[in-house]
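Chemist: need coordinates for the below:
(one chain, ligands or ions: 1)
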Amino acid sequence: MRDYISKIGGFFITFEGIDGCGKSTQAKLLQENLKNLGYDAFWTKEPGGTDIGNMVREILLKYNQEIDVLTEFLLFASDRSAHSKELIKELSKGKIVISERFKDSSVAYQGYGGGLSINFIERIHREITIIEPDLTILLDISPLVSIKRVRDPDRIEKKGTDYLERVRNGYLILSKLYKNRYVIFDGSKEKNTLSKEILEVVENKLKAYFF
Ligand code: TYD
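Modeler: Okay, here's the model as predicted:
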């Protein structure tokens, strides 16, 4: 996979973490900071990085009844399938692509959080996409901080602290499995301090990758 990525060019960065970890703020600050340094940085997000994805997002977050975990995963997967084509298009132009969430969100939320088979999630992803992040920034916070920060919870955010704890642990397991691409940051830090720390790590990775 990594070979393929280097052939299509670009550098793929994902932001992950439980709800309220600050990834939207940090992803956008990173894009701005990279642009100021002269990099061509493209920002996107899941769910909802495409028109189809936005429709799927409406179902996933606004539908106010139970959705079983398999259906939930397949909806996120359909969003990702459409989104992945966009990501490949931008990476092929040599851009630095910053995505809020990608495959690891499904593994952490539907897999570790919801109990869906992780092998199954991985198997579907092999059909959905050929890309893997070059760098994953995990903004780690506790479920208590999450609950305090999220004011108007959507369907997934209403699942409670036990669920969030499982999702958080899932991310921590992923960070050990994929040590080469994961960097963990303390998401409870002040936003400008955190964005400086993130930029430093990203710049070093980019220098090692491109030069
Ligand atoms: P989120 O990043 O919180 O979007 P926003 O900040 O715009 O509300 O994502 C919405 C929710 O979707 C969040 O609770 C995580 C969940 N989610 C999954 O459960 N699985 C997935 O594969 C993805 C991409 C998101």
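Chemist: is the ligand within reach of the longest helix along the chain?
Modeler: Criterion DSSP state H: the longest helix present in the chain is helix 69-92. Yes: against the ligand, helix 69-92 shows contacts by Cβ under 6 Å from any ligand atom at residue 76. The C-beta positions use only the backbone N, C-alpha and C, and glycine is treated the same way.
Chemist: other SSEs contacting that helix?
Modeler: Applying 3 or more Cβ pairs under 8 Å, 6 or more residues apart in numbering; DSSP states H and E, one finds that helix 69-92 contacts helix 2-8, strand 11-16, strand 41-45, helix 51-62, strand 96-100, helix 103-106, helix 118-128.
Chemist: just send the ones you listed back as CSV, with mean pLDDT, distance to the ligand and mean neighbour count too.
Modeler: Formatted as CSV, the helices and strands packed on helix 69-92 follow (pLDDT from 0 to 100; distance: least, Cβ to the nearest ligand atom, whole Å; neighbours: other Cβ atoms under 10 Å):
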stretch, mean pLDDT, distance to the ligand, mean neighbour count
helix 2-8, 54, 20, 12
strand 11-16, 98, 9, 26
strand 41-45, 98, 7, 20
helix 51-62, 91, 6, 16
strand 96-100, 98, 6, 24
helix 103-106, 98, 4, 25
helix 118-128, 97, 9, 14
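Chemist: would you mind giving the ones you listed as JSON lines with distance to residue 82 added?
Modeler: Listed next are the helices and strands packed on helix 69-92 as JSON lines, based on distance: least, Cβ to Cβ, whole Å:
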{"stretch": "helix 2-8", "distance to residue 82": "18"}
{"stretch": "strand 11-16", "distance to residue 82": "17"}
{"stretch": "strand 41-45", "distance to residue 82": "12"}
{"stretch": "helix 51-62", "distance to residue 82": "5"}
{"stretch": "strand 96-100", "distance to residue 82": "13"}
{"stretch": "helix 103-106", "distance to residue 82": "14"}
{"stretch": "helix 118-128", "distance to residue 82": "10"}
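Chemist: so for residue 209, which of those sits nearest?
Modeler: Nearest of those to residue 209, taken as Cβ to Cβ: strand 11-16 at 5.8 Å.
Chemist: and the angle from the next helix or strand after that closest one to strand 41-45?
Modeler: Of the helices and strands lying after strand 11-16 in sequence (DSSP states H and E), the nearest is helix 23-36. Helix 23-36 runs at 170 degrees relative to strand 41-45, counting by axes from the mean of the first three to the mean of the last three Cα atoms, to 10 degrees.
Chemist: mind listing residues that contact helix 23-36?
Modeler: Residues outside helix 23-36 that contact it (Cβ atoms under 8 Å, 6 or more residues apart in numbering) are 13, 15-17, 41-43, 45, 96, 98-101, 137, 139, 191, 194-195, 198-199, 202.
Chemist: how about a cut-off of 7 Å?
Modeler: 15, 17, 41, 43, 96, 98, 100, 139, 191, 194-195, 198-199, 202 (Cβ atoms under 7 Å, 6 or more residues apart in numbering).
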